[in-house]
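J.: Output the structure for:
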Amino acid sequence: GLLLALGPIQFVPAWRNKYRKMHRVLGRVYMVSMVVASVAALFAATFSEDGFPAQVGFYILTAAWLYSMVQAYRTIRARSSSTASG
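T.: Below you'll find the predicted structure:
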């Protein structure tokens, strides 16, 4: 739930620009929540008794969350290194 609640807030430009420190803190909380949710989805996929389609859905959800988290982290690192050198 935390993951779904924080996600949209992070993408509102006016809020993000006005509350930079809060954006960064919530970003960290969001990433940790994404790891926890991915582990839970992986567990649900592995031990799901709802059939093959549910397992595939949970595995795809896990992959999508981890992929988007890695891309977000790479973007954060790229922007912080360009600001530091500029």
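
J.: Excluding residues flanking it in the chain, which one is nearest L2?
T.: Spatial nearest neighbour of L2, excluding adjacent residues (C-beta to C-beta, 6 or more residues apart in numbering): S33 at 4.9 Å. Every residue, glycine included, has its C-beta placed from N, CA and C.

J.: Now do the same contact list for that neighbour.
T.: By C-beta atoms under 8 Å, 6 or more residues apart in numbering, the contact list for S33 reads 2-3, 6.

J.: my guess is Y59 meets A45, correct?
T.: Yes. Counting by C-beta atoms under 8 Å, Y59 does reach A45; the two are 4.7 Å apart.

J.: Would you check how far apart A72 and R16 are?
T.: Look at A72 and R16: by C-beta to C-beta, to the nearest Å, they are 13 Å apart.

J.: Over to A5?
T.: Distance of A5 to R16, computed by C-beta to C-beta: 16 Å.

J.: So between those two, which is more surrounded?
T.: Neighbours per residue (other C-beta atoms under 10 Å) separate A5 from R16, with R16 holding more: 16 against 11.
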